[in-house]
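# The following block contains a protein sequence and its predicted model.
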Amino acid sequence: MTELPFSAVDLSLPVPAPLYFRHEKYQADTEFDWHRHPWGQLNRISLGLLELELQLPRRTLAAPAEYLVWIPAGVPHAAHIRQALDYVSVYVADAQAASLPAQPCLIVQTPLIRALLDDFCQRGVTGLQDEWDVSQAQLLLQRLQQAGCVDDYLPDSDDRLLRPILLAMRAHAGDDTTLAAWAQRVHSTERTLARRFQQLLGMSFVQWRSRLRLLQALAWLKQGRTVSDIAAELGYATPSAFIAMFVKQTGITPDRYRRQLLADVPPRLTGCMQ
């Protein structure tokens, strides 16, 4: 792919000092063609799921609202927003971006990071106008550096014990086999598998399975399947248990997510993601 130019919108903005905020509202099923930015960019959504397509290597980076998506300066990406939401783009000056990850990744919004961003967003801050905002931005950047990052919302592994488990679960997201039962199948122990999930995937077996089920649920909701049907297919004892998981992960109910998917679809957008 030929190197993409920076958009006229980006080039019209002031250089982040050290941050610059852009606030937008997007309708369901908004898409952005391949583009890149002259500065590092933190993407923040209010609810639901943000999907970014990365070029090298070609992969999809899916992130629920509990995460920020970090894209370093100059990295080509495309985006798909499935549901109507509030969106904030935070551009980061080069000097500060150098302390953040060198590759696209997800950064969890800790309570303090969320509170600092909420304050900027509620006040509609764009450029930083006074020393208090600059100090708040510096604290935010420090916390972002400390928060760590993950390469993927649903990571994979070639580990000889985890690989068959992950493949089987991806094929049947509703499989309710316990970790102890999986340990017997792969000739290991529950303790060993639990340790490998944490060490190699950065989360527990139950957390990984919940993320898998959320992504499958989003796909099935788009296909028009009912909440009760999805809940049963994914192994939840009741629809309310499934709904509770969905709200915790996305900030909205499955029915609201579906209604937003069925909203009027705006024209496809190109260029800079606002």
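Alright, I've got the coordinates.
# Any buried residues in the helix or strand bottoming out on mean pLDDT in the chain, and which?
Least confident element among the helices and strands of the chain, by mean pLDDT, DSSP states H and E: strand 59-64 (a mean of 78). Within strand 59-64, the residues that count as buried by 16 or more other C-beta atoms under 10 Å are 61-64. No exception for glycine: its C-beta is placed from N, CA and C like everyone else's.
# Then stretch 147-167?
149-150, 152-153, 157, 159, 161-162, 165-166.
# and what of stretch 229-236?
230-231, 233-236.
# And for stretch 95-114?
Quick answer for stretch 95-114 (16+ other C-beta under 10 Å): 96-97, 100-101, 104-107, 109, 113.
# Quick check: which of these has the minimum pLDDT.
Summarising pLDDT for the buried residues of stretch 95-114: the lowest-scoring member is Gln109, with 89.
# residues contacting that one?
44, 66-68, 117 (C-beta atoms under 8 Å, 6 or more residues apart in numbering).
# go again using 7 Å as the cut-off
Counting by C-beta atoms under 7 Å, 6 or more residues apart in numbering, Gln109 makes contact with 66-68.
# So which elements touch the strand or helix carrying Tyr87?
Per DSSP states H and E: Tyr87 is located in strand 85-92. Contacts defined by 3 or more C-beta pairs under 7 Å, 6 or more residues apart in numbering; DSSP states H and E place strand 85-92 against strand 19-26, strand 40-45.
# same thing but 10 Å
strand 19-26, strand 40-45, strand 49-54, strand 67-71, helix 111-122, helix 131-147 (3 or more C-beta pairs under 10 Å, 6 or more residues apart in numbering; DSSP states H and E).
# which neighbours does that strand have in its sheet, and in what orientation?
Sheet pairing for strand 85-92, assigned by DSSP bridges, gives strand 19-26 (antiparallel), strand 40-45 (antiparallel).
# where's the closest residue to Trp182 other than its chain neighbours, which helix or strand?
Sequence neighbours aside, Ile165 is the residue nearest to Trp182 in space, at 5.2 Å (criterion: C-beta to C-beta, 6 or more residues apart in numbering). Using DSSP H and E, Ile165 falls within helix 162-171.
# just to revisit the earlier point, measure how the strand holding Tyr87 sits relative to strand 49-54, angle-wise.
Angle of strand 85-92 versus strand 49-54, following axes from the mean of the first three to the mean of the last three C-alpha atoms, to 10 degrees, is 50 degrees.
# tell me what the helix or strand that strand 85-92 is followed by is packed against?
Next helix or strand after strand 85-92 toward the C-terminus (DSSP H and E): helix 94-97. Here helix 94-97 touches strand 40-45, helix 131-147, going by 3+ C-beta pairs under 10 Å, 6+ apart.
# circling back: with distance to Val9, mean pLDDT and mean neighbour count as new columns, can the strands paired with strand 85-92 be given to me in CSV?
What follows is those, written out as CSV (distance: least, C-beta to C-beta, whole Å; pLDDT from 0 to 100; neighbours: other C-beta atoms under 10 Å):
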stretch, distance to Val9, mean pLDDT, mean neighbour count
strand 19-26, 9, 93, 18
strand 40-45, 13, 94, 23
